[in-house]
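>>> the following block contains a protein sequence and its predicted model.
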Amino acid sequence: MQWWKDGLLVRIRVSPEGLVLALVYAVTCWGARKLSLDQFFLPAGVRVAALLLCPPRLWPYLLIGEYAYFAHLRIPLISKYNLTWVILASVFLMPAVMLIVRLHRKLLARTTIVGVISIAVCAATIISLLNLGISYLLWEPLQNASFITNVLRYALGDFTGILILAPLALLWIRRAEEQWTPRSVAAVAGALAAMLVVGLQATPVPASITAPGSLQLLLILPIPAIALTCLLGWRGAAIGVAAVNMILGVSTPADHPTAFDPATFATQQAMASIALLLLGARITHFQNQHRLREEDGRAALQLARNSHLASEMDLRERAAHLRQLGDGMDLSLSEMVNWLHAQGHHAVADSLRHTSEVHSRLFRAQASMIYPAALERLGLYVALQAGGVREAWGNTHRINRPWLMGDPCALSPGLQLAAYRSIVEAVSILLGNESGQLTVRARCGRLGRQQGILLVAAMLDPRRRLSQATMIMATDQLAGRVLAYRGTIQCQGNRVRICLIEAVSAPQTGAYPVREAGRDNPLDPIGPPSRI
């Protein structure tokens, strides 16, 4: 029991920042009460918003500010309502809301709007029960309305005040997570200006002059808030709800209580606020889902392109090695021909030279089929009209001269390679599954920020129709590469139509970086006392 004799040592560190916070909170509550009515009670919203904005270490200073605010309002009423009411009706309100906000921290981290609405319901109900319960316990209820009616009236006013300010506090807390573009800022400014104009026109004046028109304008008031909610999701709902309720609260004819039904008015406000906030939450949810799908889709397309480019680089290496082998064989055969000529075997030397030239041409044509080296230097159209592809198509005697339009060199090298592989495979499928003459057409172009190429492999006879098996095979074999470049493939009538597109990028100096065979040079992918 030594501590009972010596007492307790309590060390309290008082922060000037905290004292300023307490003073600002008290003044804000006092100013908010000046703008408030029973069905539009802003200090309840200030209380919750302050707890959301401030870390728990500063909550004791908010409690000091709350008590200072109540002391300013209620100490002069001691002679009228007694000291017991002043103390009991003031001491429990902020701790109760602190507990509610603390218990909702995890819910707020998971879902913004549902957490705010839950805090608003719990805080409004508990604070109203505490306020009226203490008052009814200390005095005989003298009001005409029942206890439940008064609780509902006060709770709706607190609920409305919380829904006005708490979402704005969360919007400020999460300002770094939200992306504010000039378009969204302009939308907010336009909606606020429209609501302000409507609110000023609807400001009540004598009922005999403009009351009906004012009511009609008040019905129009939520429309800009709804539009803002649809555009910005929960951010628009937070700003729209606050603006609508502030305008309605300020324009309420407090000096003419018979001009409106307070309970109905408060209920309409509360329901409209909930509807807008929930609508904003759902819109934000679907916007986020859509954004995630777009990001996943872009990532998948980029991975597919990188995979195709990596395969092309492997083929490029193999083609380079084959060309080196061909050069070596040509050099050896040339030396052999020269030696035969020197020995006087001219007929044998000429025959060997002719044979080596034929096989060298065939060898290089096959190497160009593995990878079109001409595409890097001269573009897609030259690659289609030279080398192995031209010889292979010519040997079939079924393909007319290609009809090529536009400048393919403006396209990225990856897109040109994808177009080359796609049209070659499409022609191979038609040659293997259809009879008759074929025609090949290609056209490059640009539209706005998009550029691309349209490829067509078709039967020359317009009355012919591709078989179902050919269409299925073409779609299955070509869709992967085509979709990687956000393109489309259509098999209908007598033709296979392929469209590949990409965003316009900075001018490129070359298709691919030149690299030597065998070197590692990868390609970069792209009642009681009222409210006192």
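Alright, I've got the coordinates.

>>> look at the most centrally placed residue in the chain and report its pLDDT.
Central residue of the chain (Cα atoms, centre = their mean): residue 291, 3.6 Å from the mean position. The model reports residue 291 with a pLDDT of 76.

>>> do residue 122 as well
Value for residue 122, per-residue pLDDT: 92.

>>> would you tell me what the next helix or strand after the helix or strand harbouring residue 50 is?
Secondary structure from DSSP states H and E places residue 50 in helix 42-53. Following helix 42-53 in sequence order, the next helix or strand is helix 59-74 (DSSP H and E).

>>> return the residues in contact with residue 482.
Applying Cβ atoms under 8 Å, 6 or more residues apart in numbering, we find residue 482 in contact with 418, 422, 488, 489, 498, 499, 500. For the C-beta atoms, the positions are set from N, CA and C on the backbone; glycine is no exception.

>>> pull up the pairing partners for the helix or strand encompassing the last one, direction included.
Pointing back at residue 500 there. Taking DSSP H and E as the definition, one finds residue 500 inside strand 495-503. Strand pairing for strand 495-503, using DSSP bridges, gives strand 450-459 (antiparallel), strand 488-492 (antiparallel).

>>> out of the ones you listed, which is the most enclosed?
Among the strands paired with strand 495-503, ranked by average contacts under mean count of other Cβ atoms under 10 Å, first place goes to strand 450-459 (a mean of 21).

>>> any idea of the mean pLDDT in it?
89.

>>> now it: how far from the chain's centre is it?
Mean-position distance between strand 450-459 and its chain equals 32 Å (Cα atoms, centre = their mean, to the nearest Å).

>>> roughly how far out does stretch 36-43 sit from the chain middle?
The answer for stretch 36-43 is 36 Å, by Cα atoms, centre = their mean.

>>> quote the end-to-end distance of that stretch.
One end of stretch 36-43 to the other measures 8 Å (Cα to Cα, to the nearest Å).

>>> low-confidence stretches in the stretch 101-250 of the chain?
Across the stretch 101-250 of the chain, residues meeting the criterion (pLDDT under 70) sit at 111, 139-145, 202-219, 249-250.

>>> could you rerun that using 50?
142, 205-213 (pLDDT under 50).

>>> all helices for it, in order.
Counting by DSSP state H, counting those that start in this stretch, one finds helices in the stretch 101-250 of the chain at the ranges 105-110, 112-138, 147-173, 182-201, 207-220, 222-232, 234-250.

>>> possible to save those as CSV with distance to residue 480?
Output for the helices of the stretch 101-250 of the chain, formatted as CSV (distance: least, Cβ to Cβ, whole Å):
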stretch, distance to residue 480
helix 105-110, 38
helix 112-138, 40
helix 147-173, 44
helix 182-201, 36
helix 207-220, 53
helix 222-232, 37
helix 234-250, 39
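
>>> and the residue nearest to the centre of the chain, that one's in a helix?
Yes - assessed with DSSP: H, G, I helix; E, B strand; the rest coil, residue 291 lies in a helix.

>>> quick one: it from residue 284, how far?
Distance of residue 291 to residue 284, computed by Cβ to Cβ, to the nearest Å: 10 Å.

>>> do the same with residue 354
With Cβ to Cβ as the criterion, residue 354 and residue 284 are 76 Å apart.

>>> ok, back up a step: which one of the helices of the stretch 101-250 of the chain lies closest to residue 99?
Closest approach to residue 99 among the helices of the stretch 101-250 of the chain (Cβ to Cβ): helix 112-138, 9.0 Å.

>>> roughly how far is that closest one from the heart of the chain?
36 Å.

>>> so which elements touch it?
helix 42-53, helix 83-91, helix 93-103, helix 105-110, helix 147-173, helix 234-250, helix 262-343 (3 or more Cβ pairs under 8 Å, 6 or more residues apart in numbering; DSSP states H and E).

>>> with just CA atoms, put the shortest one into CSV.
Provided in CSV are the C-alpha atoms of helix 105-110 (Å, rounded to 0.1, in the frame of the first residue of the first chain):
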residue,chain,number,x,y,z
ARG,A,105,-10.8,0.6,-38.9
LYS,A,106,-10.6,-2.8,-40.6
LEU,A,107,-14.0,-2.3,-42.3
LEU,A,108,-12.9,1.0,-43.7
ALA,A,109,-9.7,-0.5,-45.0
ARG,A,110,-11.8,-3.1,-47.0
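
>>> may I see the buried residues of it?
Judged by neighbour count using 16 or more other Cβ atoms under 10 Å, the buried positions of helix 105-110 are residue 108.

>>> over to stretch 75-95?
Here stretch 75-95 shows 81, 85, 86, 89, 90, 93, 94 as buried, counting by 16+ other Cβ under 10 Å.

>>> same check on stretch 344-362?
For stretch 344-362, the neighbour count (16+ other Cβ under 10 Å) marks 349, 352, 353, 356 as buried.

>>> surely residue 127 meets residue 158?
Yes - if you go by Cβ atoms under 8 Å, residue 127 and residue 158 touch, sitting 5.8 Å apart.

>>> hey, what's in contact with both of those two?
By Cβ under 8 Å, 6+ apart, the residues touching both residue 127 and residue 158 are residue 44.

>>> who has more neighbours, these two?
residue 158 (31 against 24; other Cβ atoms under 10 Å).

>>> returning to that earlier point: for the buried residues of stretch 344-362, which one is nearest residue 390?
Distances from residue 390 to those, taken by Cβ to Cβ, are shortest for residue 356, at 21.7 Å.
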